[in-house]
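A.B. asks: Quick one, what's the 3D model for this:
(one chain, ligands or ions: 1)
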Amino acid sequence: MSERTATKGERGPLRLTRNRRLTLYVTVAGVWITGVLWLIYHYFLQTEGPFGFENNPLEKTWLQFHAAFSFVAIGLFGMLWAIHIVRGWNMNWRRWSGGTMVAVMVVLVVSGYALYYVESQELDDITSVIHWSVGLAALVVFLIHWLSKSRPST
Ligand code: HEM
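C.D. replies: Reported below is the predicted structural model:
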């Protein structure tokens with residue numbers, strides 16, 4: 001049988017163990033929710049200080065949690081690459097949504113790295129918007145990838 005014509009019964013090895021799936025869901029939820037919390041606190045919940053509006057102190061906390069979840073997410077990505085992604089791609093299972101998921105992850109990691117290490121306010125402003133827009137959309141891509149059960153090529 002060719003690599004690209006996998007039948008449903010062959011999906012077994014691509015399925016993650018319960019613990020790995022749980023770790024993945026908690027991490028994805030953690031990275032996404034902390035990113036959204038940062039956005040809400042940064043754009044809508046500034047505090048008023050003696051010299052006008054200031055960043056809400058919790059903003060930094062959400063970013064610290066966000067960075068922590070991101071480290072775990074990158075580790076999990078390595079795990080997924082080894083046991084799930086390359087194999088799923090070769091079997092043509094959910095290739096579009098899976099491939100998009102990988103592209104999204106690359107953009108998030110590169111832009112996240114730039115946000116942390118590039119010291120240019122101008123660049124940061126652009127990178128920030130790219131990072132969080134792609135980050136917000138990532139949930140939709142993840143849901144499509146996750147929920148498209150029956151069609152191997154989506
Ligand atoms: C695995 C994927 C991700 C990685 C590796 C990642 C990494 C990072 C890093 C390193 C930072 C900078 C932290 C700092 O400056 O201290 C950051 C900031 C941020 N991330 Fe992510 N992130 C990811 C996913 C997401 C997602 C899914 C969202 C959206 C829900 C998101 C929203 C944000 C926001 C709003 C910021 C703050 C932007 C700013 O400082 O201007 N990130 N991320």
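
A.B. asks: what helix or strand does the closest residue to Arg20 other than its chain neighbours sit in?
C.D. replies: Among residues not flanking Arg20 along the chain, Met79 sits closest, at 7.1 Å (C-beta to C-beta, 6 or more residues apart in numbering). All C-beta atoms are positioned from the backbone trio N, CA, C, and that covers glycine. Assigned by DSSP states H and E, Met79 falls within helix 57-80.

A.B. asks: Spell out which parts of this structure neighbour the ligand.
C.D. replies: The chain has residues 31-32, 35-36, 38-39, 63, 66-67, 70, 73-74, 108-109, 112, 115-116, 128, 131-132, 135-136, 138 near the ligand, with proximity defined as C-beta under 6 Å from any ligand atom.

A.B. asks: which SS class is Tyr113?
C.D. replies: When classified by DSSP: H, G, I helix; E, B strand; the rest coil, Tyr113 comes out as helix.

A.B. asks: what's the distance between the worst-scoring helix or strand of the chain on mean pLDDT and the middle of its chain?
C.D. replies: Of all the helices and strands that make up the chain, strand 47-49 has the lowest average by mean pLDDT, DSSP states H and E, namely a mean of 88. How far strand 47-49 lies from its chain's middle: 32 Å, per C-alpha atoms, centre = their mean, to the nearest Å.

A.B. asks: That strand packs against which elements?
C.D. replies: Contacts defined by 3 or more C-beta pairs under 8 Å, 6 or more residues apart in numbering; DSSP states H and E place strand 47-49 against strand 52-54.

A.B. asks: what comes up buried for the helix or strand containing Tyr43?
C.D. replies: Using DSSP H and E, Tyr43 maps to helix 18-44. Residues of helix 18-44 classed as buried: 23-24, 27-28, 30-32, 34-39, 41-42 (neighbour count, 16 or more other C-beta atoms under 10 Å).

A.B. asks: Tell me the one among these nearest to Arg94.
C.D. replies: Nearest to Arg94 out of these is Leu24 (C-beta to C-beta; 15.2 Å).

A.B. asks: Just list the residues touching the residue nearest to that closest one when sequence neighbours are not counted, thanks.
C.D. replies: Excluding the flanking residues, the one nearest Leu24 by C-beta to C-beta, 6+ apart is Leu76, at 5.7 Å. Contacts of Leu76 were listed using C-beta atoms under 8 Å, 6 or more residues apart in numbering, and they are 23-24, 27.
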